[in-house]
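Peer 1: can't give you the sequence, but here's the structure:
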């Protein structure tokens, strides 16, 4: 969500004005059942801070290589790093200060997901489809009304919810107005489905689609259908025209565990539509095969990056498992899932590189992880 046109200094200034509210707000915890804990599964209890751990030694990992990983993380502005194996915490590290620079960062502090939060939106759209409120093949104008863009009626009618999910709306690249989703800023570049371009405005409007479809605010539907059911804390906040999710690193890991378990929390389905689950983390179009429904996919033959039309040969993270898929956000917010290893990785923090999604830094992390897990 927080992309190139959203300068980091403005971002920090806006954060200062909003984060006091974020830190003081209550967690999303409606419907908590304090007794819901099954230690054998590795799923953390809803409503509890307890999370089972697993020692690297017990996995036969090279523990002597762990300090090098910690050094890399700390020297590159990391605030939180979690590695979850078989549902249990193997590594959990915190560094530096909180967002306001006041207190030490720890498991109770919240950080922004940036564009890694797009994965939450994709899942919520899937829930709305499962509930019968929408179909992703529906025209976006069925929910936002006509003239939600500056396109001709014929051009606009070609844009579907699926195009918004896959970054193939055909709308022109951001203007100096940045993420503005006013109709005057949404202009024609190509027919929907014929061009992949990483854009925030049509993505952000997915939330308006859900709101219109389900008849309640996106944030409320998200909390009721997703966050409350897996014990996530967190808050959606508007920073200008960016709708950003803030949570603890452990809540990001909870969502990762849900996705790793194919949409089930323990034995309870949060999303029963396994066809959508599969499509969400599979190539969604043939333009950028490393992109699903707002998820980044590893192990493909080529990939494209934000703000570029260049198709790059090779895998996005060639030194990571080919079945890995990730939510990637500005300044290196990572939620990466590796089904073949039953692994969830979380990284939150400051900018490790000059890139919209900091994809190259994840390669550096995997260099260290490979030394540890070999």
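Peer 2: In hand now; what should we look at? Values in this document were obtained by computation on a predicted structure and should not be read as measured data.

Peer 1: Next, the residues that contact stretch 172-190 from outside, please.
Peer 2: 1, 3, 5-6, 147-152, 155, 170-171, 195, 197, 199-202, 204-205, 240-242, 307 (Cβ atoms under 8 Å, 6 or more residues apart in numbering). C-beta coordinates here come from the backbone N, C-alpha and C atoms, glycine included.

Peer 1: Point out where the chain drops to low pLDDT.
Peer 2: 1-41 (pLDDT under 70).

Peer 1: What ranges does it have for its strands?
Peer 2: Here the chain has its strands, by DSSP state E, at 78-85, 88-94, 111-112, 235-239, 242-247, 264-265, 268-269, 296-297, 302-303, 312-313, 325-329, 333-338, 343-349.

Peer 1: can you put the ones you listed in a markdown table and add mean neighbour count?
Peer 2: Below are the strands of the chain laid out as a markdown table (neighbours: other Cβ atoms under 10 Å):
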| stretch | mean neighbour count |
| --- | --- |
| strand 78-85 | 24 |
| strand 88-94 | 19 |
| strand 111-112 | 24 |
| strand 235-239 | 19 |
| strand 242-247 | 24 |
| strand 264-265 | 20 |
| strand 268-269 | 12 |
| strand 296-297 | 25 |
| strand 302-303 | 18 |
| strand 312-313 | 10 |
| strand 325-329 | 26 |
| strand 333-338 | 25 |
| strand 343-349 | 25 |
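
Peer 1: okay, these in JSON lines with distance to residue 63 next?
Peer 2: Compiled in JSON lines, those are given as follows (distance: least, Cβ to Cβ, whole Å):
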{"stretch": "strand 78-85", "distance to residue 63": "13"}
{"stretch": "strand 88-94", "distance to residue 63": "10"}
{"stretch": "strand 111-112", "distance to residue 63": "27"}
{"stretch": "strand 235-239", "distance to residue 63": "36"}
{"stretch": "strand 242-247", "distance to residue 63": "29"}
{"stretch": "strand 264-265", "distance to residue 63": "31"}
{"stretch": "strand 268-269", "distance to residue 63": "35"}
{"stretch": "strand 296-297", "distance to residue 63": "30"}
{"stretch": "strand 302-303", "distance to residue 63": "33"}
{"stretch": "strand 312-313", "distance to residue 63": "35"}
{"stretch": "strand 325-329", "distance to residue 63": "26"}
{"stretch": "strand 333-338", "distance to residue 63": "20"}
{"stretch": "strand 343-349", "distance to residue 63": "17"}
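
Peer 1: among these, which is nearest residue 122?
Peer 2: Among these, the nearest to residue 122 by Cβ to Cβ is strand 325-329 (9.0 Å).

Peer 1: Tell me how far that closest one lies from the chain's centre.
Peer 2: Its chain's C-alpha centre and that of strand 325-329 lie 6 Å apart, by Cα atoms, centre = their mean, to the nearest Å.

Peer 1: And for stretch 242-259?
Peer 2: Worked out by Cα atoms, centre = their mean, stretch 242-259 lies 7 Å from the chain centre.

Peer 1: Look up the closest residue to residue 110, ignoring the ones flanking it.
Peer 2: In space, and not counting its chain neighbours, residue 110 is closest to residue 246: 4.5 Å by Cβ to Cβ, 6 or more residues apart in numbering.

Peer 1: quick revisit: now that we have the contacts of stretch 172-190, which of them are buried?
Peer 2: Neighbour-count burial within the contacts of stretch 172-190 applies to 1, 3, 6, 148-151, 155, 170-171, 195, 197, 199-202, 204-205, 241-242, 307; the criterion is 16 or more other Cβ atoms under 10 Å.
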